[in-house]
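K.L.:
Sequence and predicted structure are below.
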Amino acid sequence: MQTDLDKRRYNLLKKAFKATKEALEFEEAMQKYQNRDYLTTTEFAHITGHSPQTISNYASSGRIKETKKKEGFWLIHKSELQRFLT
């Protein structure tokens, strides 16, 4: 039988694991795109766990700030990843 303390420990470990996994994914993405300043909405969405349409909507509304539009597509500066994920 699980005690309340066991449940709290489990939940804390689960949160810590998720945070570690997200940090590793972020670092992996930063290394993958280290030679580029801008990411597509699809790349940004993959890293952040959102849909490309949501990221496009955020760029259009100004929620994601460091953006530019090229040939009808949003490009997002990779510095926005850190700001967006915190």
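P.N.:
Yep, that arrived.
K.L.:
sec struct for Ile55, please.
P.N.:
Following DSSP: H, G, I helix; E, B strand; the rest coil, Ile55 is assigned to helix.
K.L.:
residue ranges with poor pLDDT in this protein?
P.N.:
1 (pLDDT under 70).
K.L.:
Give me the phi and psi for the closest residue to Phe73 other than its chain neighbours.
P.N.:
Using C-beta to C-beta, 6 or more residues apart in numbering and skipping residues adjacent in sequence, the residue nearest Phe73 is Thr40, 6.7 Å away. (Glycine included, C-beta is placed from N, CA and C.) Thr40 has phi and psi values of phi -80, psi 170 when expressed as degrees, to the nearest 10.
K.L.:
which of the residues in the lengthiest helix in the chain are buried?
P.N.:
Ranked by residue count under DSSP state H, the longest helix found in the chain is helix 4-32. For helix 4-32, burial by neighbour count (16 or more other C-beta atoms under 10 Å) applies to Ala29.
K.L.:
just stretch 50-59 next, same as before
P.N.:
Going by 16+ other C-beta under 10 Å, stretch 50-59 has these buried residues: His50, Ile55, Ser56, Tyr58, Ala59.
K.L.:
how near is the first one to Lys68?
P.N.:
Using C-beta to C-beta, to the nearest Å, His50 is found at 19 Å from Lys68.
K.L.:
for the last one, same thing?
P.N.:
Distance, Ala59 to Lys68, using C-beta to C-beta: 9 Å.
K.L.:
Next, show the common contact partners of these two.
P.N.:
Counting by C-beta atoms under 8 Å, 6 or more residues apart in numbering, the common neighbours of Ala59 and Lys68 are Trp74.
K.L.:
Torsion angles phi and psi at the residue nearest the centre of the chain?
P.N.:
What sits nearest the mean C-alpha location of the chain, by C-alpha atoms, centre = their mean, is Thr48, with 2.4 Å. When read as degrees, to the nearest 10, the backbone of Thr48 gives phi -90, psi -10.
K.L.:
which ones are touching the residue nearest to Phe73?
P.N.:
Phe73, Trp74, Leu75, Ile76.
K.L.:
Just put those in a markdown table and tack on distance to Lys14.
P.N.:
As requested, the contacts of Thr40 are exported to a markdown table (distance: C-beta to C-beta, whole Å):
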| residue | distance to Lys14 |
| --- | --- |
| Phe73 | 37 |
| Trp74 | 34 |
| Leu75 | 35 |
| Ile76 | 30 |
